[in-house]
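Visitor: heads up, no residue letters with this:
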Ligand code: AMP
């Protein structure tokens, strides 16, 4: 059983580490950002509502997120745990999540707080390119694909996320500091947070995550 939350600013490497955590521990990866992007792609009502906030780098209102995330946690694949990525993002969401879990005799085992300096986040996010087909992540300088614009893994087209431009990135980081950073204290009080240096190499970050979770 592993019930965990990946906390950290946009660009900290949550998505990349999530892939490795899922592979090692076999829990489903639940990314509210991915769920919203899927809804936008499919043109749903939820997608339309979420898009206007996402494009500005603002948070989607709590009431649109909480039901979405908690109903996902009720699906059978979450019976042996889950990895939450990008949820909760406000203290209110965290409280609602705790209430939901308590009502199901459950709780969060460990919160992984990945920290990276602001300048580095901006460099990472503005240079990020993602595969339209499989979601793999590249970087124009640090992780370039073998062939420009083409995914190494599936041959899909690489695109820049609509919210990875400098203006939106700057706003997303500010929104993180104002609205999501208070969660560090929230989970510090709960006594189940592990601090991870996200500036280290991908392997070292994962090594620290495994130490925090346990084999
Ligand atoms: P992400 O892929 O986690 O960076 O999320 C992309 C965008 O989706 C965010 O900038 C928000 O606009 C929205 N979003 C994702 N998760 C949440 C959440 N838990 N609360 C509010 N907005 C969210």
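Guide: Here it is on my side, so go on. Since this is a predicted model, take the numbers as computed values, not measurements. Residues are numbered from 1 along each chain as shown.

Visitor: residue ranges for the helices of this structure, please.
Guide: 14-25, 32-41, 45-56, 62-73, 91-103, 118-126, 166-175, 182-190, 202-213 (DSSP state H).

Visitor: Please name the residues that touch the closest residue to the ligand within the chain.
Guide: The nearest approach of the chain to the ligand comes at residue 33, 2.1 Å away (CB to the nearest ligand atom). For every residue, glycine as well, the C-beta is placed using N, CA and C. Shown in contact with residue 33 (CB atoms under 8 Å, 6 or more residues apart in numbering): 54, 85, 86.

Visitor: Quick check, pLDDT for the spatially most distant residue from the centre of the chain.
Guide: Computed with CA atoms, centre = their mean, the residue of the chain farthest from its C-alpha average is residue 147, at 27.0 Å. For residue 147, the model assigns a pLDDT of 97.

Visitor: repeat for residue 136
Guide: Residue 136 is given a pLDDT of 88.

Visitor: so what pLDDT did the residue nearest to it when sequence neighbours are not counted get?
Guide: Among residues not flanking residue 136 along the chain, residue 153 sits closest, at 5.1 Å (CB to CB, 6 or more residues apart in numbering). In this model, residue 153 is scored at 96, pLDDT.

Visitor: Would you confirm that residue 153 contacts residue 134?
Guide: Yes. Using CB atoms under 8 Å, residue 153 is in contact with residue 134, at 5.8 Å.

Visitor: The spatially closest residue to residue 108 that is not a sequence neighbour: neighbour count?
Guide: Nearest non-adjacent residue to residue 108, counting by CB to CB, 6+ apart: residue 3, 5.4 Å away. For residue 3, the count of nearby residues is 18 (other CB atoms under 10 Å).
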